[in-house]
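Asker: Sequence and predicted model, in that order:
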Amino acid sequence: MKVPLLDLKPQYRAISEEIHDAIKDVVESQHFILGPKVATLETEIATYTRSSYALGVSSGTDALLISLMAAGIGDGDLVLTTPYSFFATAGCIARLGAIPVFADIDPDTYNLSPESADKVIGEMTADQKARLKAVIPVHLYGQCADMDPLMHLAEKYGLTVIEDAAQAIGSEYKNCRAGSMGHFGCFSFFPSKNLGAFGDGGIVTVGSDELIENLRILRAHGSKPKYFHKIVGGNFRLDSLQAAIVSVKLKYLDAWTHARQENAAQYREMFGTAGLDKICKLPVEKENRHIYNQFVVRVPDRRDDLRQYLAEHEIGSEVYYPVPLHLQECFSGLGYKSGDFPVSEDAAVNTIAIPIYPELTVDQQTCVVDRIAAFYKG
Ligand SMILES: *Cc1c(COP(=O)(O)O)cnc(C)c1O
């Protein structure tokens, strides 16, 4: 039985008519950049994430970049984040001439550990502390980072908090939605995210009039009014077509999230029945709403052989992420070395993401678990 890591076709088939109508609307209007479709989506996402405002942007990466710009991050500033995330999290910091500073992750959630963050800041010189301007917690795989202690640290050191919620739309921490707790919330509509566009797209959420106004100006090359530039921004605009498609999909997001959660519960049962729960570490649900963008399992050994074996049996899997950010070649100048963040390095070697998408069937899940069991017991 074929089990892809992600199959977007059944989702598309179920809502294709509505999607086509939305696309037709935009095409007939010939209004392709920003416009009413983007404004509508911004209102809907602000409501959904329980934030005051949202601003549609060109990608999740640009959501992070424009937020850092709006926070005034630049040359020589330090920004604290996790070494265990998609590259964009740290890449955006470096692109602005700022310096990513890493702290290790929590072994249960794979999210930035508040204790490790506290320790890293504690060991900084007074000059470094003065240059530390922001923190980017990532809500990895669909579960929020432990925000209370992180917000506390941010207050203590006067840091801007930029939540990388690219994998976490609708996830919750103590009844707050991802993206509504920090100063900025950054989301991605990359097709493989839980709420995906038909191309690139993203959105930033904020809680204040001042921040939304700054972001709006930065999105259009820093101009206000048009052709008058007080600051340097960029082209961070979201297409009307993408916004129209995402608005249609948003109506179904909670049902899809529920299906992902059911699949996660099903896996737990199946791993238990197969006796695999003794040797594999399943996702630990710490915060109260995990949206399962990924279902990541820590396996005992031979992770890459397992991947190969699954691929031979037409089962898709992926490694998020094989090289922690502090060990990426482009960051070698930062002076980190292997062994600096053991929990992240262990996760990079021993974890694997298995299929969790909403339309996955019980038979497919059985097939995945049977194959993992055969690999470790055979
Ligand atoms: C996907 C992702 C991004 C970047 O989003 P794009 O829309 O692909 O630019 C940033 N951070 C994390 C954690 C992501 O998963």
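Answerer: Cool, the structure landed.

Asker: A helix includes Ser116, no?
Answerer: Yes: according to DSSP: H, G, I helix; E, B strand; the rest coil, Ser116 belongs to a helix.

Asker: how close does it get to the ligand?
Answerer: Using CB to the nearest ligand atom, to the nearest Å, Ser116 is found at 18 Å from the ligand. Heads up, the C-betas are built off the backbone N, CA and C, glycines and all.

Asker: avg pLDDT for the helix or strand hosting Ala130?
Answerer: Secondary structure from DSSP states H and E places Ala130 in helix 126-131. The pLDDT scores in helix 126-131 average 98.

Asker: Could you measure from the residue nearest to Ile291 when sequence neighbours are not counted over to the ligand?
Answerer: Distances taken as CB to CB, 6 or more residues apart in numbering place Gly142 nearest to Ile291, at 3.9 Å, with adjacent residues excluded. Noted for Gly142: a distance of 10 Å to the ligand, by CB to the nearest ligand atom.

Asker: wouldn't Gly142 be in contact with Gln167 here?
Answerer: Yes: between Gly142 and Gln167 there is a contact under CB atoms under 8 Å: 5.5 Å.

Asker: who touches both of those two?
Answerer: Residues touching both Gly142 and Gln167 (CB atoms under 8 Å, 6 or more residues apart in numbering): 194, 293-294.

Asker: quick one: which of these is nearest Tyr157?
Answerer: Nearest to Tyr157 out of these is Asn293 (CB to CB; 29.6 Å).

Asker: Name the nearest residue to the closest residue to the ligand within the chain, sequence neighbours excluded.
Answerer: Closest residue of the chain to the ligand, CB to the nearest ligand atom: Gly60 (2.4 Å). Counting by CB to CB, 6+ apart, Gly60 lies nearest to Ser188, which is 2.5 Å off, once chain neighbours are set aside.

Asker: pretty sure that neighbour is touching Ser59, no?
Answerer: Yes: here Ser188 reaches Ser59: they are 6.5 Å apart, a contact under CB under 8 Å.

Asker: Can you pull the residues that touch both of those two?
Answerer: 201-202.

Asker: The residue nearest to Phe295 when sequence neighbours are not counted - how many residues pack around it?
Answerer: Once flanking residues are discounted, Phe295 sits nearest to Ile356: 3.9 Å by CB to CB, 6+ apart. Neighbour count for Ile356, taken as other CB atoms under 10 Å: 25.

Asker: One more: Gln328?
Answerer: Counted with other CB under 10 Å, Gln328 comes out at 16.

Asker: Just give me the closest of the shared contacts of Gly142 and Gln167 to Asp254.
Answerer: So of the shared contacts of Gly142 and Gln167, ranked by how close each gets to Asp254 (CB to CB), first place is Asn194, at 10.4 Å.

Asker: Show the contacting residues for the closest one.
Answerer: 142, 167, 169-170, 253, 256-257, 260, 291, 293.

Asker: from these, which ones fall inside strands?
Answerer: Counting by DSSP state E, no part of the contacts of Asn194 is found in strands.

Asker: Reformat those residues as a markdown table; add distance to Ser240, neighbour count and pLDDT.
Answerer: Output for the contacts of Asn194, formatted as a markdown table (distance: CB to CB, whole Å; neighbours: other CB atoms under 10 Å; pLDDT from 0 to 100):
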| residue | distance to Ser240 | neighbour count | pLDDT |
| --- | --- | --- | --- |
| Gly142 | 28 | 29 | 98 |
| Gln167 | 25 | 27 | 98 |
| Ile169 | 20 | 27 | 98 |
| Gly170 | 24 | 21 | 98 |
| Leu253 | 20 | 17 | 98 |
| Trp256 | 23 | 19 | 98 |
| Thr257 | 26 | 22 | 98 |
| Arg260 | 29 | 21 | 98 |
| Ile291 | 27 | 28 | 98 |
| Asn293 | 26 | 26 | 98 |
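
Asker: Select from the residues you listed every entry located in helices.
Answerer: 253, 256-257, 260 (DSSP state H).

Asker: Out of these, which comes closest to Ala71?
Answerer: Leu253 (28.1 Å).

Asker: Could I get the contacting residues of that closest one?
Answerer: 48, 169-170, 194-195.

Asker: let's see 7 Å
Answerer: 170, 194-195 (CB atoms under 7 Å, 6 or more residues apart in numbering).

Asker: In JSON lines: those, plus distance to Leu64.
Answerer: Below are those laid out as JSON lines (distance: CB to CB, whole Å):
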{"residue": "Gly170", "distance to Leu64": "19"}
{"residue": "Asn194", "distance to Leu64": "18"}
{"residue": "Leu195", "distance to Leu64": "17"}
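
Asker: Can you add distance to the ligand and give the residues you listed back as TSV?
Answerer: What follows is those, written out as TSV (distance: CB to the nearest ligand atom, whole Å):
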residue	distance to the ligand
Gly170	15
Asn194	11
Leu195	11
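
Asker: ok, the residue nearest to Phe295 touching Arg260?
Answerer: Yes: assessed by CB atoms under 7 Å, Ile356 is found in contact with Arg260 at 5.6 Å.
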